[in-house]
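Asks: make a model of this:
(one chain, ligands or ions: 4)
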Amino acid sequence: NMVRGTNRHLMVYNDEMRSRETYSQRLLNDLRKAVERREFKVYYQPKFNIQCDPPRLDSAEALVRWQHPELGLIPPGDFIPLFERNGQIEIIDKYVWAEAARQIAVWKEKYGVTVPVSVNLSRIDMFDPKLEEILDGLVKENGLSGHALRLEVTESAYTENAEELLAVMARLRNKGYEIEMDDFGSGYSSLGALSSMPVDVLKMDRSFVMNIDNDEKDLRLVELILDIARNLRMPVIAEGVETESQLTLLKNAGCDFVQGYCFSRPLPPEEFEAFIARETESNEENRKPVRPVP
Ligand code: C2E
Ligand code: MG
Ligand code: MG
Ligand code: MG
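Replies: Ligands and ions are numbered 1, 2, ... in the order given. A predicted model of the protein is given here:
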């Protein structure tokens, strides 16, 4: 009986593995066509400054999706790690950066404000010798300042060749790009290194925030991270904030920025515009930038 149960378990597992492999193979095969047919779509999720009352739109994160003709809307978790492993992530990332830079310029033209947009960089992108040239080109072509195109680098990118990586970040930062450390707390970078890291903002990983409204210890941990960041003069963005009570706890603990379903899911650009419109209406007197961009 036990044996049969075990076998059945193994069989299911293998089937699952096989179908996952087929799915991945399919995505890899379809990549080139997808680029040509412009199937990658950039969605935007707002980040809010919650220390303002009411909270103010600060910026957005650009998050890619794949509108596949047969498989539907595919989330990035299904293909980003896959393309990273296969060395093809650059194709997608560069498309997303270009699209985000263009979008900032379109919104500036339409609403008279600069909404900074953060893009995600994979570890591989950080070691591309053309990285600076590409980003500078996008900034120039679209008439932006570097501050308008922000860069998110995930904490797990710091594992190997950390020094080289930090040097790249320092160069980009000196050129005016704001650097956000994504998924902070989920990787293994040491707290001791934090004070000397060339980052402007910490994005606290969703795993810390998830349970603060029903786990006292998680809340204490978040408060501790916020304390450390405050001492280092680093603003913090909490990601994955879903409920009103999480939002209130974070606000009271002094967290500066929030991104999460409590405000909005990532949206296609047309839908995101409602946030910009609302923000510019409430400041109709002078149509000030959402956040002054130097
Ligand atoms: P990330 O950069 O940490 O992005 C935040 C993820 O959290 C997004 O998932 C977002 O939809 C999700 N999220 C935001 N608020 C909430 C919330 O309140 N609750 C929950 N449960 N989730 C929330 P998404 O869009 O599926 O992206 C997943 C990851 O894929 C991203 O994590 C990022 O690492 C990667 N990714 C997305 N777009 C790109 C891209 O253009 N280039 C690269 N290299 N990676 C990307
Ligand atoms: Mg990110
Ligand atoms: Mg993140
Ligand atoms: Mg994350």
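Asks: tell me how far stretch 244-260 is from the chain's mean position?
Replies: Centroid separation between stretch 244-260 and its chain, computed with C-alpha atoms, centre = their mean, to the nearest Å, is 18 Å.
Asks: list the buried ones in that stretch?
Replies: By 16 or more other C-beta atoms under 10 Å, the buried positions in stretch 244-260 come out as 246, 247, 249, 250, 251, 253, 255, 256, 257, 258, 259, 260. For every residue, glycine as well, the C-beta is placed using N, CA and C.
Asks: I'd guessed the second one sits against residue 241; true?
Replies: What that stands for is residue 247. Yes: if you go by C-beta atoms under 8 Å, residue 247 and residue 241 touch, sitting 5.7 Å apart.
Asks: before we move on, back to that, which ones among the buried residues of stretch 244-260 lie within strands?
Replies: 257, 258, 259 (DSSP state E).
Asks: surely the second one and residue 45 touch.
Replies: The reference is to residue 258. No: using C-beta under 8 Å, residue 258 is not in contact with residue 45, being 10.9 Å away.
Asks: any chance of the ones in strands among the buried residues of stretch 244-260 in CSV, with pLDDT too?
Replies: Listed next are these as CSV, based on pLDDT from 0 to 100:
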residue, pLDDT
257, 98
258, 98
259, 98
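Asks: the nearest residue to residue 264 once chain neighbours are set aside: what's it in contact with?
Replies: Nearest residue to residue 264, sequence neighbours excluded (C-beta to C-beta, 6 or more residues apart in numbering): residue 46, at 5.4 Å. Each residue near residue 46 by C-beta atoms under 8 Å, 6 or more residues apart in numbering is listed here: 57, 58, 59, 60, 259, 263, 264, 272, 275.
Asks: what of residue 45?
Replies: The neighbourhood of residue 45, defined by C-beta under 8 Å, 6+ apart, consists of 60, 61, 63, 259, 264, 265, 266, 267.
Asks: give me the subset of those lying in helices.
Replies: Judged by DSSP state H, helices contain none of the contacts of residue 45.
Asks: any of these buried? List them.
Replies: Buried, going by 16+ other C-beta under 10 Å: 60, 61, 63, 259, 264, 266, 267, out of the contacts of residue 45.
Asks: give me every residue in the stretch 101-250 of the chain lying close to ligand 2.
Replies: The stretch 101-250 of the chain comes close to ligand 2 at residues 120, 152, 182, as judged by C-beta under 5 Å from the ion.
Asks: in strands, which of these appear?
Replies: Reading strands off these with DSSP E, I get 120, 152, 182.
Asks: what's the local residue count around the first one?
Replies: Each residue near residue 120 was counted by other C-beta atoms under 10 Å, and the total is 22.
Asks: list the contacts of residue 174.
Replies: No residues are in contact with residue 174 under the rule C-beta under 8 Å, 6+ apart.
Asks: give me the pLDDT value at it.
Replies: pLDDT, residue 174: 96.
Asks: the closest residue to ligand 3 within the stretch 51-200 of the chain bridge partners, please.
Replies: For the stretch 51-200 of the chain, the residue closest to ligand 3 is residue 182, as judged by C-beta to the ion, at 4.2 Å. Residues in a beta bridge with residue 182, per DSSP bridges, are residue 154.
Asks: which residues sit in contact with it?
Replies: Here residue 182 is in contact with 120, 152, 153, 154, 155, 203 (C-beta under 8 Å, 6+ apart).
Asks: tell me which of the ones in strands among the residues of the stretch 101-250 of the chain next to ligand 2 has the lowest pLDDT.
Replies: Here the lowest pLDDT out of these sits on residue 182, with 94.
Asks: surely residue 121 and residue 93 touch.
Replies: Yes: if you go by C-beta under 8 Å, residue 121 and residue 93 touch, sitting 6.7 Å apart.
Asks: those two: who's more crowded?
Replies: It is residue 121, of residue 121 and residue 93, that has more neighbours when counted by other C-beta under 10 Å, with 25 against 22.
Asks: out of the buried residues of stretch 244-260, who's nearest residue 110?
Replies: residue 259 (23.0 Å; C-beta to C-beta).
Asks: nearest spatial neighbour of that closest one, chain-adjacent residues omitted?
Replies: Among residues not flanking residue 259 along the chain, residue 47 sits closest, at 4.5 Å (C-beta to C-beta, 6+ apart).
Asks: distance to ligand 3 added to the buried residues of stretch 244-260, as TSV?
Replies: Below are the buried residues of stretch 244-260 laid out as TSV (distance: C-beta to the ion, whole Å):
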residue	distance to ligand 3
246	16
247	17
249	19
250	15
251	20
253	19
255	15
256	15
257	12
258	12
259	8
260	10
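Asks: which members of those residues additionally contact ligand 1?
Replies: Filtering those for proximity to ligand 1 (criterion: C-beta under 6 Å from any ligand atom) leaves 259, 260.
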